[in-house]
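# here is a sequence with its predicted model. Questions after.
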Amino acid sequence: QQTQLWHVCLAWIDSKYYSLGYFLTTFRRRGRIDRSRLSHKPSSSQQWAEELGDGIDYEVEELHPEKPRLRSKGIYLLPNAFTTAALFCGFFAIVNAMNHQFEIAAIAIFASLVLDGMDGRVARMTNTQSAFGEQYDSLADMVSFGVAPALVAYEWALKDLGKWGWLAAFTYCAGAALRLARFNVNTGVVDKKFFQGLPSPAAGSLMAGFIWLADDNKIPVRDTAIPWITFFIAVYAGLTMVSNARFYSGKALDVRYRVPFGVMVLMILTFVLISSNPPLTLFGLFVVYSISGYVIWAWERLSGKRFS
């Protein structure tokens, strides 16, 4: 009877502990049966109690509740370093435009283009993609390929047109902002092989290429016509960025895999042409790219097939 009373008391204490323990304590009771005192395997609960007697000892184990894992506040250095360098080149272009060094400003925009193309690929190759990097890259693109080309073009030629000049510059800048905002929203929706609208780096390079070419006196036009040509290019690039025309993205190309031999030959010829006459070659390449989206659109409308 004393043994049974002891078990009843333990059961009552155990029930009270589990009902109040969540609010009162962080300790847990753990029962441990001394099986060495069993001479044979009992067949019923009564025989278990009689055989064990008070051979059940209890120990208290302190519980340390797991603390929630703090979210890491660090950022990846390598890809964001390229983004910062691209942002610096865009800012450097604006500063040089204010100092009327337009050739250096145009070259700085092209340097930003190279760095902007590297940060995303470096992040994917090193598996260091992050939401912070995506937003930072978008803001850097707005400065380097939205604000910088517009201000450089305005300081260079558009201000001679009065209000039409700053309206053209604003049209380009607003188009770049809308283009980047739409890209951030439609990242997981559109086909990755094609951009929806002219990408802002290509638009900025189109503007910078013309400025570099004309400032270097390698374009056979009158000085009075240059502001209006710049006006047309700025408005065309700004509207094309927000259009639905599809432009090849180049993301399907993976440098880690083999490519046909002809691709290597084409790259060598491109480097030779750029080194022989950088402003003319670069401007020509981006002119062809800036109209390629409309060529694809016209081909799809005429053939009734989707270009892929």
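The structure has been received and is ready for your questions. Numbering: from 1, shown residues only.
# can you say which helix or strand has residue 289 in it?
helix 278-303 (DSSP states H and E).
# now do that helix: distance to the chain's middle.
Using CA atoms, centre = their mean, to the nearest Å, the mean C-alpha position of helix 278-303 is found 26 Å from that of the whole chain.
# and if you look at stretch 102-109?
For stretch 102-109, the distance between its averaged C-alpha position and the chain's averaged C-alpha position is 26 Å (CA atoms, centre = their mean).
# how about stretch 90-108?
Distance, stretch centre to chain centre, for stretch 90-108: 26 Å (CA atoms, centre = their mean).
# residue 151: neighbour count?
Using other CB atoms under 10 Å, residue 151 has 19 other residues around it. The C-beta positions use only the backbone N, C-alpha and C, and glycine is treated the same way.
# separation between it and residue 113?
When CB to CB, to the nearest Å is the yardstick, residue 151 and residue 113 sit 17 Å from each other.
# contacting residues for residue 293?
Residues counted as contacts of residue 293 (CB atoms under 8 Å, 6 or more residues apart in numbering) are 197, 198, 240, 243, 245, 246, 247.
# same deal with residue 175?
203, 237, 238, 239, 240, 241, 242.
# now residue 273
The contact partners of residue 273, by CB under 8 Å, 6+ apart, come to residue 281.
# residue 214 is in contact with residue 280, correct?
No. Taking contact to mean CB atoms under 8 Å, the distance of 10.9 Å between residue 280 and residue 214 leaves them out of contact.
# which of the two has more residues huddled nearby?
More neighbours sit around residue 214 than around the other of residue 280 and residue 214, counting by other CB under 10 Å; the figures are 22 against 17.
# now the more buried one. Its backbone dihedrals?
Dihedral pair for residue 214: phi -70, psi -40, per degrees, to the nearest 10.
# distance check, it against residue 97.
Distance of residue 214 to residue 97, computed by CB to CB: 14 Å.
# again with residue 269
The gap separating residue 269 from residue 97 is 32 Å, by CB to CB.
# can you pull out the helices in this protein?
Residue ranges of the helices in the chain, as given by DSSP state H, are 2-24, 45-52, 77-98, 102-125, 131-142, 148-156, 163-185, 200-215, 226-241, 261-276, 278-303.
# list the buried residues in the fifth one.
Spelled out, it's helix 131-142. Within helix 131-142, the residues scored as buried using 16 or more other CB atoms under 10 Å are 133, 136, 137, 140, 141, 142.
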